[in-house]
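**Q** Could you look at this predicted model? Sequence included:
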Amino acid sequence: MTAVVVHYRLHADFAIPVPPLRRLLGGLELDATGLRVRFGPWLVETPLSNIAGAEATGPYRPWRALGVRLSLADHGLTFGTTWRRGVCLRFREPVRGLDPWGRLRHPGLTVTVSEPELVAAAINRVVQP
């Protein structure tokens, strides 16, 4: 039996044209330990096994696209910097994100990162057999 070791690491910045602000906001990181998305003071973390999939979405309504947003319909969370395009991540088990005590859990997270189609495809290659 031959063992195959696969190494991968994905980093995606938020889609915002101001580099210093982009660094302050954080971004999306995916590696063998899991997913981490930081948007200023907010952080969503989950293991790879909890990611059900990802898809590129958008455009969004401009007045609802910027900042941190909670969907009252399904409790999904958005970290938004543009109305154009983003990536919607779906989780097997809802994750912590908006409230620091973890009472509110989110079944999905939409992030407006650069090159959302490529990011979604890369995430799906890693999490789906």
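**A** Looks like it arrived, so ask away.
**Q** Now T33, what are its backbone angles?
**A** phi -80, psi -20 (degrees, to the nearest 10).
**Q** ok, now which ones touch A15?
**A** 81-82, 84-86, 112-114, 116 (C-beta atoms under 8 Å, 6 or more residues apart in numbering). (Glycine included, C-beta is placed from N, CA and C.)
**Q** Swap in 6 Å and give it another go.
**A** 81-82, 112, 114 (C-beta atoms under 6 Å, 6 or more residues apart in numbering).
**Q** Equivalent analysis for P19, please.
**A** Per C-beta under 6 Å, 6+ apart, neighbours of P19: none.
**Q** again, but for L89
**A** Taking C-beta under 6 Å, 6+ apart as the test, what L89 contacts is 54, 109.
**Q** Please identify the helix or strand for it.
**A** Using DSSP states H and E, L89 sits in strand 86-96.
**Q** Mind listing what's buried along that strand?
**A** Residues 86-89, 91, 94-96 are the ones in strand 86-96 that count as buried (16 or more other C-beta atoms under 10 Å).
**Q** How far away from the center of its chain is it?
**A** Distance, stretch centre to chain centre, for strand 86-96: 7 Å (C-alpha atoms, centre = their mean, to the nearest Å).
**Q** strands paired with it, and their directions?
**A** Counting by DSSP bridges, the strands paired with strand 86-96 are strand 51-57 (antiparallel), strand 105-111 (antiparallel).
**Q** Show me the contact partners of the last one.
**A** Right, strand 105-111. So strand 105-111 is contacted by 28, 37, 44, 75-79, 86-91, 94-95, 97 (C-beta under 6 Å, 6+ apart).
**Q** Which single helix of this protein contains the most residues?
**A** helix 116-127 (DSSP state H).
**Q** The spatially most central residue of the chain bridge partners, please.
**A** Centre of the chain computed as the mean C-alpha position; nearest residue by C-alpha atoms, centre = their mean is V111, 4.8 Å away. Assessed by DSSP bridges, V111 has beta-bridge partners F79, V87.
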